[in-house]
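**Student:** The following block contains a protein sequence and its predicted model.
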Amino acid sequence: MSSIRTRFAPSPTGFLHIGGARTALFNWALTRKAGGTFILRIEDTDLERSTRESEAAVLEGLEWLGIGWDEGPYRQSERAERHREVVESLLNRGGAYRCVCTREELEARRTADIAAGGKGNYDGRCRDEALGPDRGPHTVRLRIERDHALRWDDLVFGPSGQEASEIGDGILRRSDGSPLYHLAVVVDDIDMGITHVVRGADHHSNTPFQIAIYRAIGAPVPTFAHVPLIVSESGRKLSKRRDPVSLQQFRADGHLPEAMLNWLARLGWSHGDQEIFSAAEIIEHFDLGHVGRSGAQADLAKLAWLNQHYLKQRSASSLFEAASPFLDVVSGRKVVRDEAIDKLLDVLRERSTQLVEMAEKARFALVEHIEIEPEAANKHLRPAALDGLEQLIAALTSLSDWNAASIESAFEKACKAAGDLKLGKLAQPVRVAVTGTTASPGIYETLEVAGRDRVLARLRNATDWIRARADAAGSTPPPS
RNA sequence: GUCCCUAUCGUCUAGCGGUUAGGACGUCGGCCUUUCAAGCCGAUAACACGGGUUCGAUCCCCGUUGGGGACACCA
């Protein structure tokens, strides 16, 4: 059996967006499953818009997702000579011809044709003129053989295509001598021995013309599979302006690569009822036959769920590894891993969907000074809480060990000393004093990871604040 | 405008002539509970419409409607 060869061919005109990432993923999964060769080719023939930065972003994005390639990256721009060569040979063999129609003429005739009920295809005026290279500025068009069916059996869409008579002779080379995309991809795919072209469904309609180019060149037509586009949550085409589409952005928000991979894989593809897929399982089960035929909306809520799922799956060390850069940002320094950090991340993982969120929730244990939410302070840091807080400070101060269990005993002692105070009555003020918010992990763990010194300092701050505020408001000071 | 593609819960989807139309996310409710989560339990919710074909259509065919894509000397 001959092994398959596939490629991912992004144009480096921006960041790698999720549609492209998914196309890469499908190619990769298909190829890995079949034990074939996956090639990366950068389509940078549009020199105006292509940049090395975005090329680097594409490679980085793929690497981050764990999508590795076997050959390349090749650059289409480096193959210009070869593209010229193919056009020349087509010209020599009569598979293509020179066309001197100007844009204006073309546009006028096209408009007239449509007005007359036609399709607006190129009318073939120069087709049989046998124009030589001495005719001034000209483009080169493919001489599409009439009465040919330009059809193929798409691995996703099934039987597809059109009759040759339904499309016009397309341009292969511009008047400035540069090749058009259609010619370049076909030539590159032929030269690189691509057997399976898996790409976005936006190319579905271009395929007949490309098949005609394969025929003219005399090369075997590869197998095609067109993957439906990802659409935005509003149901429309993804807009770079409106929608979150950059893989880099998802990464910066704190998504784990395994979650992104799983999410992308399930967007338009399924394997029975299974929702959770490791990279290995995607490879094991992937097949084009189970890729849907209609566009899929990017479901951010599902991504959030998946991301938390993988957050919960990670080992302490790999969780820290992923979270580390985010923790550094919040703390403003390099956070080193220790037992307290591990514990902190561990209690935070089931409370966060992204790493930015996780790091933000870890703030109370990472920085010296916290801001207390005014609303939380007003509600929970009241004179009524003073006695409990002071009893707790005393109990905490006399603790010999600082851990969740000993802290719990201190709470029990404080509650009892404060007149059989309910735990909830004490826990919330403490939570606000220590974390600045009303929501946090269990109160014992929270105090444990915040550290004794910080906890005691913040509790004292809180009691001071309550007193000062009571005085300022002129109300009766709390009983001592 | 022409051509092509597409259509199952709000979303991602399973289904490939006969099913109580399944799962997951979300949403809602309950349990748990020191807050928030997590977890567990339960509920809600779909075959776009109209014709055929067939003993029987979610499934096959044809329309309609909706959605998407392509029609460049862009990629």
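**Tutor:** Arrived safely, thanks for sending.
**Student:** now check stretch A:330-343, is it near RNA strand B?
**Tutor:** No - against RNA strand B, stretch A:330-343 shows no contacts by CB under 7 Å from any atom of the strand, the least distance being 14.0 Å. C-beta here means a position set from N, CA and C on the backbone, and glycine is covered the same way.
**Student:** Can you show me the CA trace of that stretch as PDB?
**Tutor:** Taking Å, rounded to 0.1, in the frame of the first residue of the first chain, the C-alpha atoms of stretch A:330-343 are listed here in PDB:
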ATOM      1  CA  VAL A 330      -0.500  38.600  38.900                       C
ATOM      2  CA  SER A 331       2.200  38.500  41.600                       C
ATOM      3  CA  GLY A 332       4.600  40.700  39.700                       C
ATOM      4  CA  ARG A 333       7.500  38.400  40.300                       C
ATOM      5  CA  LYS A 334       8.700  34.900  39.500                       C
ATOM      6  CA  VAL A 335       6.500  32.500  41.500                       C
ATOM      7  CA  VAL A 336       8.400  29.500  42.600                       C
ATOM      8  CA  ARG A 337       6.700  26.200  43.100                       C
ATOM      9  CA  ASP A 338       6.300  25.000  46.700                       C
ATOM     10  CA  GLU A 339       3.800  23.000  48.700                       C
ATOM     11  CA  ALA A 340       1.500  26.000  49.300                       C
ATOM     12  CA  ILE A 341       1.400  26.900  45.600                       C
ATOM     13  CA  ASP A 342       0.500  23.300  44.700                       C
ATOM     14  CA  LYS A 343      -2.200  23.300  47.300                       C
END
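**Student:** So what touches that stretch?
**Tutor:** A:316-317, A:320, A:324, A:327-328, A:359-360, A:362-363, A:365-367, A:445, A:448-449, A:451 (CB atoms under 8 Å, 6 or more residues apart in numbering).
**Student:** Kindly report the residues of the stretch 201-350 of chain A close to RNA strand B.
**Tutor:** By CB under 7 Å from any atom of the strand, the residues of the stretch 201-350 of chain A that approach RNA strand B are A:201-206, A:228-229, A:231, A:235-237, A:266-270, A:272-273, A:275, A:290, A:292-297, A:299, A:301-302, A:304-305, A:308, A:312, A:350.
**Student:** Please narrow the residues you listed to those residing in helices.
**Tutor:** Among these, the residues falling in helices (DSSP state H) are A:Arg266, A:Ala301, A:Lys302, A:Ala304, A:Trp305, A:Gln308, A:Lys312.
**Student:** For the fifth one, grab the count of nearby residues.
**Tutor:** It stands for A:Trp305. Counted with other CB atoms under 10 Å, the neighbours of A:Trp305 add up to 14.
**Student:** Buried ones from the residues of the stretch 201-350 of chain A next to RNA strand B, can you make that a ChimeraX selection?
**Tutor:** Buried residues within those, by 16 or more other CB atoms under 10 Å, are selected in ChimeraX with:
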select /A:201,204,206,228,229,231,266,267,268,269,295,296,304,308
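**Student:** picking up where we left off before, I'd like to know which of the contacts of stretch A:330-343 are part of helices.
**Tutor:** Judged by DSSP H, the subset of these located in helices is A:316-317, A:320, A:324, A:327-328, A:359-360, A:362-363, A:365-366, A:445, A:448-449.
**Student:** buried residues in stretch A:44-59?
**Tutor:** A:Asp44, A:Thr45, A:Ser50, A:Ser54, A:Glu55, A:Ala57, A:Val58, A:Leu59.
**Student:** Between the residues you listed, which sits nearest A:Arg469?
**Tutor:** Closest approach between these and A:Arg469, by CB to CB: A:Ala57, at 51.5 Å.
**Student:** Now for that closest one: which residues touch it?
**Tutor:** With contact taken as CB under 8 Å, 6+ apart, A:Ala57 is in contact with A:Pro12, A:Phe15, A:Leu16, A:Gln248.
**Student:** hmm, try it at 10 Å
**Tutor:** By CB atoms under 10 Å, 6 or more residues apart in numbering, the contact set of A:Ala57 is A:Pro10, A:Pro12, A:Gly14, A:Phe15, A:Leu16, A:Thr51, A:Ser246, A:Leu247, A:Gln248.
**Student:** ditto for A:Glu71
**Tutor:** Contacts for A:Glu71 (CB under 10 Å, 6+ apart) come out as A:Arg5, A:Arg7, A:Thr37, A:Phe38, A:Ile39, A:Leu40, A:Arg41, A:Met192, A:Gly193.
**Student:** Mind doing that once more with 7 Å?
**Tutor:** The neighbours of A:Glu71, taking CB atoms under 7 Å, 6 or more residues apart in numbering as the test, are A:Thr37, A:Ile39.
**Student:** So what does it look like in phi/psi?
**Tutor:** A:Glu71 adopts backbone torsions of phi -140, psi 150, taken as degrees, to the nearest 10.
**Student:** got it, and A:Arg151?
**Tutor:** phi -120, psi 160.
**Student:** now A:Phe8
**Tutor:** Reported as degrees, to the nearest 10, the phi and psi values for A:Phe8 are phi -120, psi 130.
**Student:** how far away is the nearest residue to it once chain neighbours are set aside from RNA strand B?
**Tutor:** Distances taken as CB to CB, 6 or more residues apart in numbering put A:Ala24 closest to A:Phe8, at 4.3 Å, once the chain neighbours are dropped. Counting by CB to the nearest atom of the strand, to the nearest Å, the separation of A:Ala24 from RNA strand B is 15 Å.
**Student:** ditto for A:Thr353
**Tutor:** 8 Å.
**Student:** helix/strand/coil for that residue?
**Tutor:** Applying DSSP: H, G, I helix; E, B strand; the rest coil to A:Thr353 yields a three-state assignment of coil.
**Student:** Quick one: residues contacting it.
**Tutor:** A:Thr353 sits in contact with A:Ala304, A:Asn307, A:Gln308, where contact means CB under 7 Å, 6+ apart.
**Student:** Could you check the pLDDT of the last one?
**Tutor:** Looking back up the chat, that one is A:Gln308. Looking at A:Gln308, its pLDDT reads 98.
**Student:** pLDDT value on the nearest residue to it once chain neighbours are set aside, please?
**Tutor:** Nearest residue to A:Gln308, sequence neighbours excluded (CB to CB, 6+ apart): A:Thr353, at 4.8 Å. Per-residue pLDDT puts A:Thr353 at 97.
**Student:** again with A:Gly235
**Tutor:** 64.
**Student:** and what of A:His138?
**Tutor:** 92.
**Student:** Wait, it touches A:Thr102, no?
**Tutor:** No - if you go by CB atoms under 7 Å, A:His138 and A:Thr102 don't touch, sitting 10.0 Å apart.
**Student:** what about these two, which has more around it?
**Tutor:** More neighbours surround A:His138 than the other of A:His138 and A:Thr102, with 20 against 13 (other CB under 10 Å).
**Student:** Confirm A:Ser175 sits in a strand?
**Tutor:** No - A:Ser175 is assigned coil when assessed by three-state DSSP, not a strand.
**Student:** Contacts only, for A:Ala365.
**Tutor:** A:Ala365 makes contact with A:Leu344, A:Val449, A:Ala450, according to CB under 7 Å, 6+ apart.
**Student:** can you tell me how far it sits from RNA strand B?
**Tutor:** A:Ala365 sits 14 Å away from RNA strand B, taking CB to the nearest atom of the strand as the criterion.
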